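**Q** could you look at this predicted model? Sequence included:
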Protein chains: 4
Amino acid sequence: MQVIKVGVAGASGYAGGEVLRLVLGHPSCEIGSLTAGGSAGTALGLVAPHLGPLRERVLQETTAEAFADHDVVFLALPHGASAALADALPDDVVVIDCGADHRLVDAAVWERFYGTPHAGAWPYGMPELLSNGGARQREQLVGARRIAVPGCYPTAVSLALAPALAAGLAQPEDIVVVAASGTSGAGRALKPHLLGAEVMSSMSPYGVGGGHRHTPEIEQNLAAAAGQPVQVSFTPTLAPMPRGILATCTARLRGDVDEQAVRAAYESAYGTEQFVTLLPEGQWPSTGAVLGSNQVQMQVAVDPHAGRVIVVAAVDNLTKGTAGAAVQSMNLALGFAEDTGLSSVGVAP
Amino acid sequence: MQVIKVGVAGASGYAGGEVLRLVLGHPSCEIGSLTAGGSAGTALGLVAPHLGPLRERVLQETTAEAFADHDVVFLALPHGASAALADALPDDVVVIDCGADHRLVDAAVWERFYGTPHAGAWPYGMPELLSNGGARQREQLVGARRIAVPGCYPTAVSLALAPALAAGLAQPEDIVVVAASGTSGAGRALKPHLLGAEVMSSMSPYGVGGGHRHTPEIEQNLAAAAGQPVQVSFTPTLAPMPRGILATCTARLRGDVDEQAVRAAYESAYGTEQFVTLLPEGQWPSTGAVLGSNQVQMQVAVDPHAGRVIVVAAVDNLTKGTAGAAVQSMNLALGFAEDTGLSSVGVAP
Amino acid sequence: MQVIKVGVAGASGYAGGEVLRLVLGHPSCEIGSLTAGGSAGTALGLVAPHLGPLRERVLQETTAEAFADHDVVFLALPHGASAALADALPDDVVVIDCGADHRLVDAAVWERFYGTPHAGAWPYGMPELLSNGGARQREQLVGARRIAVPGCYPTAVSLALAPALAAGLAQPEDIVVVAASGTSGAGRALKPHLLGAEVMSSMSPYGVGGGHRHTPEIEQNLAAAAGQPVQVSFTPTLAPMPRGILATCTARLRGDVDEQAVRAAYESAYGTEQFVTLLPEGQWPSTGAVLGSNQVQMQVAVDPHAGRVIVVAAVDNLTKGTAGAAVQSMNLALGFAEDTGLSSVGVAP
Amino acid sequence: MQVIKVGVAGASGYAGGEVLRLVLGHPSCEIGSLTAGGSAGTALGLVAPHLGPLRERVLQETTAEAFADHDVVFLALPHGASAALADALPDDVVVIDCGADHRLVDAAVWERFYGTPHAGAWPYGMPELLSNGGARQREQLVGARRIAVPGCYPTAVSLALAPALAAGLAQPEDIVVVAASGTSGAGRALKPHLLGAEVMSSMSPYGVGGGHRHTPEIEQNLAAAAGQPVQVSFTPTLAPMPRGILATCTARLRGDVDEQAVRAAYESAYGTEQFVTLLPEGQWPSTGAVLGSNQVQMQVAVDPHAGRVIVVAAVDNLTKGTAGAAVQSMNLALGFAEDTGLSSVGVAP
């Protein structure tokens, strides 16, 4: 069997740790260099005790040299840091960026939301995403050598709404999304509002009013699905759980669309996708059911009184929302079966 | 000092227990009969060990006779059970219904959502709620002898959106609300999806697509604020916390409304209300900050790109969302200071 | 590759669901019949939405006929129900009982704690457990056709204390254990004290004073390690988390034993065991680090002032504490590599 | 009514915030200066949004001048910082130290555990604590002007075990305690292991092997109860909840003591104490039932097989475990009714 050598830059953070958890279960991967910023020099077991088999691996400084002779390098770095490292790696190395740097196509939008120069867009690692003509992102990933992993919120929201927009069942003008995320989505930053005593038993919103950096990414994906610009009101909230995103996504119905028409569009969109499940009628998704898995579970409803379609999607922000998408994209890039090393089964209850 | 005798029908449930927690701290109340259904005959301490001073009180059967000679009777009963008991109590007894039976004015709407005959509407226990002409619900509560306590979601949502609608800053046609509730909101029913192992670390929606019974109550309140019918898309979700509601409420802006105009409307609406706080700019509410208190904390944002105003409100579903409103209404009915026995301070962290 | 046909009796409960989660990832297993009690006739997806690939499988009634032609049958039944089903299965079928029925060797002890006739003891599915002469339970499992899966608490406690007792470093007379368990350990029973609103943000003990049924199982294991009878004071507590056991286990030191001697005994006991990890000095286990994995993480300390050795062990009660041990035992029984289908990596954070 | 002016040094931390929550509900207190370290200059509402009525109060630097003309000053400072401020305050000001500096009587023990010079012991703010002769700490607090507030763990453990030791029912030589605490007990320090994503769904021990600084305080209290030295093996653990301590405390029985004898001792010890409740037989304490209250709930069991008495006690670490004891002590010092401003009712569920 072909064995590829995989490195992770930013292995001490939550995204990097989840990449490692998955790669440890990938039968064709050998784990190479692990690098970090402030934790360089530390044994991985001290910062990530759940990664038992890698306990004694020492984190190195993040340099291109650390990744010489690697086949795949996952970047789990603060935004703005990916481009320099990627540029220093050979073109034939598969570089998979879990950060935001290469997600947005429009440089002006990037600069408005991030305030730094745009590093350019890479093929976007959401294989199941439909565009208006019916093509999927998957096609861009086969054989790719640079891949931008989607944000966690955009994963849930884009997969939830793209079929309705692509099928012309929903209007693009007034989409409203409210999503709840487990606190690992905020990373390992030492901020008072992320302390356990603050977040347990409490919910709060943030980035309200269009300010969240995932808004333009969501709009980019949904515009591609709709074939025209979209406007999204997106409000993220922080929920008292370590992992998981529950995205409640609503759009105005076009004309007299009923629930069966919507279900049909979603069955058509995802009937052949092993990592996206439209639940049976009457059953709603929960983040608990997808914990640790690469699954998106969703359900649709039509509210004729309010004139809206509501799609609720659940993902694990670290797995399908980050590292699972990264590994799935790697599989496509290198020609492995798309689900290698990825589970469709959640760790529940 | 005047001392009134207070009874609670349904004292073994979460709402009844919270009424007792508050009444125990009310300087003018003496606690009379406590009744229950299946728990009748049991000492209260076995079902509500947090109510220490009432530990040895035995729960009685729920009958009108049990409440003879009481000044106030709180009803915390399953819906449909309030009217019969209320009818059997003298007209001059203050009857405060924490259930849904007397909230909705429109009998046809009641019957559509509950499937039982309408018991008639009572004065609505949300003192701070603005109607379109500027009047507040408070006026209806002074001296009232029958009071319908609002639902927990309608409390957060109605107070969040009424000022924008009453001031004509938002459109009534396409309101979208997504709210998260702690699991005590579902009561003490023994259902598998409410088990701790299921709800911890997990979020899920329910009643999606207009089916939740709080939707017509929200629309009734907001229509009164707007002075015209409203349509609300309301999606409730279950969050992994015992208490608290975080309601994210959005409405389309009218014309060129900016954030300062919205803030001004809310300052005007709530500047004199001790239990509703518009937070300083830049600070967002959290349910943790209002735990156990009668406070509503809220914040507003205007998203010109999406054309929406977003108001996020946090309440404790059992306190301001149920029992606190009940006690506040009792205070108004009987002429006590409105905040007697109620705290503006949350139990945090 | 050899493919074996595996059935699960009691597939709708938490233990049965976890067996299925693991077996789905086992490369040599094909999933046969799934049976249940009250949920028979229901699609598995409705009670266990995390088991996506088995969503449409319909739960059957639990009968021996349902398991005709199976190679392995896992029993996840209420205690007392295993023997009858096992007796009706052919002798060459591997029957692995996740329940308590066949764990205790002493019939009188069984009857005292369970009040029913003793069904007889089976080989005990804790491969790593040391007995006083240095033998391990593993030896009994190779080729076995009937296996009793250990209880979740006994897994953590027995592995934590056996090395100190087997090496004669600790006294058997006055062992004190306090352990915290996630609420899935109590199963899916609909009891008020297991409701989410009750368990979140709260801890409480149960079965205090020697009454917990896991006490005799712990003593049986530790007596085998010590080579003499032991007395254990065991207090279990319920913790606000879905999964995980943290067991704090203390025993009186024999003579002048120091921490290095204790560490040496544990390194010797577990240095070659892939599923038991003695953490590096200074690092303490957490249940979060072993979530969903088959790992036991532990750490030791010697407190000369108190004259005690303290060993703290963390396991996932459903994985290593139940279903992981069951699959590990099946692997030994059938000659697969012992870790097939089992992960050493936790799902964290 | 006499109104006293109360200040808080360290008002931005969890202990200081809880003192303020309670003092806001105390009818005889006016809130004076609030000081902080790094947060000086900030509005209190930004760091403690639950303290609504004090939202606009600006935190000052911590100096003695800030507290000129105050009647009572609560110190909620890092250990080592209390003595200097206390020395600079007039002798007739009531200074109540929520920190550790003045709890330990033995200077050598202080220095061994804290590594700094001993600041001297003050009257100890645990009114209900029994000493061997039957006296209670309460006597030392009446009229006191310097008070050391007990640690949170010592509150639960000392009240749990003192009656058995004072009555000679338990042996002092081999006490074993394992306690779980909500994460607010670790304060607001920005440490990775206190992040929400790390602590939710996880339990872990710390300070194992006698190293926790609360051990000598527990031993000091229990030695006074026993009338002779005691040895305690104490293991604290961190539980996934914001507040609460559940302490499982065990001691060897003396002779043939049975459960009724133990119950009688506890009824005698606490029958007249309004803030300590021995629960009815068969009911065990939970931290949820005492959330936000000044109650200690406990239950006893005798395990004749293991030869131990087990006492489990639940407190809110921030209320009875810190700020409630502080206010209770203030009430005794100044001659208010002991329960003024303190609740016996928990905020549950």
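**A** Ah, there it is.
**Q** what's near enough to touch the nearest residue to A:Val142 once chain neighbours are set aside?
**A** The spatial neighbour of A:Val142 that comes closest, neighbours along the chain excluded (CB to CB, 6 or more residues apart in numbering or on different chains), is A:Leu332 at 5.4 Å. From N, CA and C alone the C-beta is placed, and that goes for glycine too. By CB atoms under 8 Å, 6 or more residues apart in numbering or on different chains, A:Leu332 lies in contact with A:127, A:138, A:141-142, A:144, A:338.
**Q** now do A:Asn132
**A** A:165-166, A:224-227.
**Q** residues in contact with the residue nearest the centre of chain A?
**A** With distances taken as CA atoms, centre = their mean, A:Gly321 lies nearest the centre of chain A, 3.0 Å away. If you count contacts by CB under 8 Å, 6+ apart, A:Gly321 has them with A:150-153, A:155-156, A:185, A:245, A:315.
**Q** among those, which ones are in helices?
**A** In helices, defined here by DSSP state H, the members of these are A:152-153, A:155-156.
**Q** ok, of the contacts of A:Leu332, which come out buried?
**A** Among the contacts of A:Leu332, the ones that count as buried by 16 or more other CB atoms under 10 Å in any protein chain shown are A:127, A:138, A:141, A:144, A:338.
**Q** the second one and A:Gly125 touch, don't they?
**A** Read it as A:Arg138. No. Here A:Arg138 lies out of contact with A:Gly125, judged by CB atoms under 8 Å, at a distance of 9.7 Å.
**Q** and stretch A:88-95, how far out from the chain's middle?
**A** 22 Å (CA atoms, centre = their mean, to the nearest Å).
**Q** CA-only coordinates of that stretch in PDB, if you can.
**A** Extracted C-alpha coordinates of stretch A:88-95, given in PDB (Å, rounded to 0.1, in the frame of the first residue of the first chain):
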ATOM      1  CA  ALA A  88       8.100  27.800   0.700                       C
ATOM      2  CA  LEU A  89       6.800  24.300   0.100                       C
ATOM      3  CA  PRO A  90       7.300  22.500  -3.200                       C
ATOM      4  CA  ASP A  91       4.400  22.700  -5.700                       C
ATOM      5  CA  ASP A  92       3.800  19.000  -5.700                       C
ATOM      6  CA  VAL A  93       3.300  18.800  -2.000                       C
ATOM      7  CA  VAL A  94      -0.300  18.700  -1.000                       C
ATOM      8  CA  VAL A  95      -0.900  21.800   1.200                       C
END
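**Q** what comes up buried for it?
**A** A:89, A:93-95.
**Q** same thing with stretch A:176-195?
**A** A:176-186, A:188, A:194-195.
**Q** before we move on, back to that, which of the contacts of A:Leu332 fall within helices?
**A** Going by DSSP H, the helices hold A:138, A:141 from the contacts of A:Leu332.
**Q** which among the contacts of A:Leu332 gets closest to chain C?
**A** A:Glu338 (15.2 Å; CB to the nearest CB).
**Q** elements contacting the one helix or strand A:Val312 maps to?
**A** Assessed by DSSP states H and E, A:Val312 sits inside strand A:308-315. If contacts are counted by 3 or more CB pairs under 8 Å, 6 or more residues apart in numbering or on different chains; DSSP states H and E, strand A:308-315 sits against helix A:152-166, strand A:245-252, strand A:296-303, strand B:232-238.
**Q** next SSE after it?
**A** helix A:324-334.
**Q** show the average pLDDT along that next one.
**A** For helix A:324-334, mean pLDDT rounds to 98.
**Q** please export the C-alpha coordinates of that helix as PDB.
**A** This file holds the C-alpha atoms of helix A:324-334, laid out as PDB (Å, rounded to 0.1, in the frame of the first residue of the first chain):
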ATOM      1  CA  GLY A 324     -12.700  15.900   8.500                       C
ATOM      2  CA  ALA A 325     -13.100  18.100   5.500                       C
ATOM      3  CA  ALA A 326      -9.300  18.400   5.300                       C
ATOM      4  CA  VAL A 327      -8.800  14.700   5.300                       C
ATOM      5  CA  GLN A 328     -11.700  14.100   2.900                       C
ATOM      6  CA  SER A 329     -10.100  16.700   0.500                       C
ATOM      7  CA  MET A 330      -6.700  15.000   0.900                       C
ATOM      8  CA  ASN A 331      -8.300  11.700  -0.100                       C
ATOM      9  CA  LEU A 332      -9.700  13.300  -3.200                       C
ATOM     10  CA  ALA A 333      -6.400  15.100  -4.000                       C
ATOM     11  CA  LEU A 334      -4.400  11.900  -3.800                       C
END
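**Q** for A:Leu129, what are its contacts?
**A** Listed by CB under 8 Å, 6+ apart, the contact partners of A:Leu129 are A:136-137, A:158-159, A:162, A:221, A:224-225.
**Q** now render those as JSON lines, adding distance to C:Glu56, pLDDT and neighbour count.
**A** Below are these laid out as JSON lines (distance: CB to CB, whole Å; pLDDT from 0 to 100; neighbours: other CB atoms under 10 Å in any protein chain shown):
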{"residue": "A:Arg136", "distance to C:Glu56": "25", "pLDDT": "97", "neighbour count": "16"}
{"residue": "A:Gln137", "distance to C:Glu56": "28", "pLDDT": "97", "neighbour count": "21"}
{"residue": "A:Ser158", "distance to C:Glu56": "27", "pLDDT": "98", "neighbour count": "29"}
{"residue": "A:Leu159", "distance to C:Glu56": "22", "pLDDT": "98", "neighbour count": "30"}
{"residue": "A:Ala162", "distance to C:Glu56": "25", "pLDDT": "98", "neighbour count": "27"}
{"residue": "A:Asn221", "distance to C:Glu56": "30", "pLDDT": "98", "neighbour count": "29"}
{"residue": "A:Ala224", "distance to C:Glu56": "33", "pLDDT": "98", "neighbour count": "23"}
{"residue": "A:Ala225", "distance to C:Glu56": "29", "pLDDT": "98", "neighbour count": "24"}
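**Q** need those residues in JSON lines (columns: distance to chain C).
**A** Listed next are those as JSON lines, based on distance: CB to the nearest CB, whole Å:
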{"residue": "A:Arg136", "distance to chain C": "21"}
{"residue": "A:Gln137", "distance to chain C": "22"}
{"residue": "A:Ser158", "distance to chain C": "20"}
{"residue": "A:Leu159", "distance to chain C": "15"}
{"residue": "A:Ala162", "distance to chain C": "21"}
{"residue": "A:Asn221", "distance to chain C": "24"}
{"residue": "A:Ala224", "distance to chain C": "27"}
{"residue": "A:Ala225", "distance to chain C": "24"}
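**Q** domain assignment for chain A?
**A** Using the TED database, the domain parsing of chain A gives A:4-150+A:321-334, A:153-315.
**Q** pretty sure A:Ala148 contacts A:Pro123?
**A** Yes. Using CB under 8 Å, A:Ala148 is in contact with A:Pro123, at 6.9 Å.
**Q** of these two, who's got more company?
**A** A:Ala148 (30 against 19; other CB atoms under 10 Å in any protein chain shown).
**Q** state the pLDDT value of that one.
**A** 98.
**Q** what are the phi and psi angles of it?
**A** The phi/psi pair for A:Ala148 (degrees, to the nearest 10) reads phi -100, psi 120.
**Q** list the contacts for it?
**A** A:97, A:101-103, A:121-125.
**Q** can you do 6 Å?
**A** Going by CB atoms under 6 Å, 6 or more residues apart in numbering or on different chains, A:Ala148 touches A:97, A:102-103, A:122, A:124.
**Q** likewise for A:Phe234?
**A** Per CB under 6 Å, 6+ apart, neighbours of A:Phe234: A:177, A:212, A:215.
**Q** so which strand or helix has the last one?
**A** Put plainly, it is A:Thr215. Going by DSSP H and E, A:Thr215 is in helix A:214-226.
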